[in-house]
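J.: I'll drop the sequence and a predicted model, then ask my questions.
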2 protein chains.
Amino acid sequence: MKLKSMDISATASASSIVFDALRKAIIEGQLEEGEPLRQDEIARLFNTSRIPVREAISRLEEQGLVKTQRYKGAVVAGLSPRETEEIFDLRTLVEPEIIRNAVPLMSKDILVQAREKCAAFSASSDPMEWGDLNRDFHETLYSASNLKFFLEIAHNAIDRVERQIRAQLVMSNGMERAGREHFGILEACETGNAELAAKLTREHIQGAKKSLLAHLPLS
Amino acid sequence: MKLKSMDISATASASSIVFDALRKAIIEGQLEEGEPLRQDEIARLFNTSRIPVREAISRLEEQGLVKTQRYKGAVVAGLSPRETEEIFDLRTLVEPEIIRNAVPLMSKDILVQAREKCAAFSASSDPMEWGDLNRDFHETLYSASNLKFFLEIAHNAIDRVERQIRAQLVMSNGMERAGREHFGILEACETGNAELAAKLTREHIQGAKKSLLAHLPLS
DNA sequence: ATAAACTAAATTGGATCCAATATTCAATAT
DNA sequence: ATATTGAATATTGGATCCAATTTAGTTTAT
């Protein structure tokens, strides 16, 4: 008997591991905006050389998560209030389209998962979890969509404002409002009402934007 | 008297030079879809080592212009008809917003430039130029916008279908229709009619999409 | 003859080394 | 004291080398 190529979950390349770890640290806010990313230091942290680190950093720059200057290195990218607003406007344009496309494609299983995540979000009392649970809920609904490029853009846009989203959730009313709106979106999905789900998603994002900008300087 | 820092236009890094050259070669169709990108060969072409080449390729992958497999290398990315359609739908969503935003911000100078490029496009009889001239016209109008993230996305989306756009221009009616529609968009911009410019841009893109898909297999 | 198994060449991923530039900080001049 | 110059250090960009993996070609077994 012949063994077919097993495709053992090919251990990721060092550069991908570094990329994922840095991306996570940035969007979760563990690395502060403006903080320099020293190649040597990161390489030591991951027991690799600087080569994979440089590759990871250049990919992060392509995603807008870090900014680099020749011979000066990379720092965690930040957003001006103006730029934050634009990212939310971009999300307002793209994400309702994703939901509209996704609703007719949502399997029973996806909806069950979404309901669980929606409940977990509302039930959580640990602010450290809120960001992940919030994103988890939205990702679950979006995952039913087959618009891969729209999804790419939404993911990247969310990445860039994830730090602010997490701050917004801990603001007064942040969790309460988000939880309420999540249930509304979920219900629209469950009843197959794509237009309503899109509309509520749009309002959800615009609401977050307003709430965020109100608490930002010179907005 | 004191001399202020001159900021001599710092010669670009090798990886950026390679990145720009490969990107250009890909979107212009000089590198065929599926064609492997050998690090060693490219390094020799640019008189550098493979390190900057690898960085360039990883950035191109982040932009979706190449696809890489671990230990197998990178190939020029292609799009299925389905994916091509989605990219055009994305453009249909984003670019009208850019124009709507840009119209009130268009200086006299921008409009003069746009008119020149519009004329140059319609006047050109060299198919090798059509792609550049077409993109040049749109870029000029878009450049008045201050929506940097929207622009990022539009640029990337156009990059990914530039090859097909060029093919579409040489198709029957391609140039004729594009030229006509360009004049319409330009006129709307000149008269400050942002809504009309947005509507015509939408139709321009949707028209290109339909014309393209009609000539594609299993569309 | 065909297919599996093995070997050699090609190719990529990563480590180490060197060059180019920036940064720090002490020494000097005003 | 403050600003300027100049070495010493730190940091990045790139070249060269080695290891891991794939691919091509050859041999061998059935």
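T.: Cool, got the structure. Residues are numbered from 1 along each chain as shown, chains lettered A, B, ... in the order given.

J.: any chance of the backbone angles for A:Gln63?
T.: Backbone torsions for A:Gln63, taken as degrees, to the nearest 10, come to phi -90, psi 0.

J.: relative to B:Val53, how far out is it?
T.: Note on A:Gln63: its distance to B:Val53, by Cβ to Cβ, to the nearest Å, is 20 Å. In this view, the C-beta of every residue, glycine as well, is placed from N, C-alpha and C.

J.: can you check A:Ser122 too?
T.: Distance from A:Ser122 to B:Val53, by Cβ to Cβ: 50 Å.

J.: likewise for A:Arg44?
T.: Taken as Cβ to Cβ, the span from A:Arg44 to B:Val53 is 26 Å.

J.: more neighbours, those two?
T.: B:Val53 (26 against 13; other Cβ atoms under 10 Å in any protein chain shown).

J.: do you know how far that one is from A:Leu60?
T.: 19 Å.

J.: give the closest residue to A:Leu60 in space, chain neighbours not counted.
T.: Closest residue to A:Leu60 apart from its sequence neighbours, by Cβ to Cβ, 6 or more residues apart in numbering or on different chains: A:Val66 at 4.5 Å.

J.: number of nearby residues for the one you found?
T.: 24.

J.: enumerate the residues of chain A near chain B.
T.: Residues of chain A lying close to chain B by Cβ under 8 Å from any Cβ of the partner chain are A:10, A:13, A:15, A:51, A:54-55, A:58-59, A:61-64, A:70, A:83, A:86-87, A:89-90, A:93-94, A:97, A:147-150, A:152-153, A:157.

J.: and those near DNA strand C, which?
T.: A:Ser13, A:Ser15, A:Ile51, A:Glu55, A:Arg70 (Cβ under 7 Å from any atom of the strand).

J.: can you list those residues in CSV and add neighbour count?
T.: Formatted as CSV, those follow (neighbours: other Cβ atoms under 10 Å in any protein chain shown):
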residue, neighbour count
A:Ser13, 16
A:Ser15, 21
A:Ile51, 15
A:Glu55, 22
A:Arg70, 10
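
J.: restricted to helices, list these.
T.: A:Ser15, A:Ile51, A:Glu55 (DSSP state H).

J.: which SSE is A:Lys210 in?
T.: helix A:194-214 (DSSP states H and E).

J.: so A:Arg163: helix, strand or coil?
T.: helix (DSSP: H, G, I helix; E, B strand; the rest coil).

J.: next up, the contacts around the nearest residue to it once chain neighbours are set aside.
T.: Distances taken as Cβ to Cβ, 6+ apart place A:Gly29 nearest to A:Arg163, at 4.6 Å, with adjacent residues excluded. The contact partners of A:Gly29, taken as Cβ atoms under 8 Å, 6 or more residues apart in numbering or on different chains, are A:Glu162, A:Arg163, A:Arg166.
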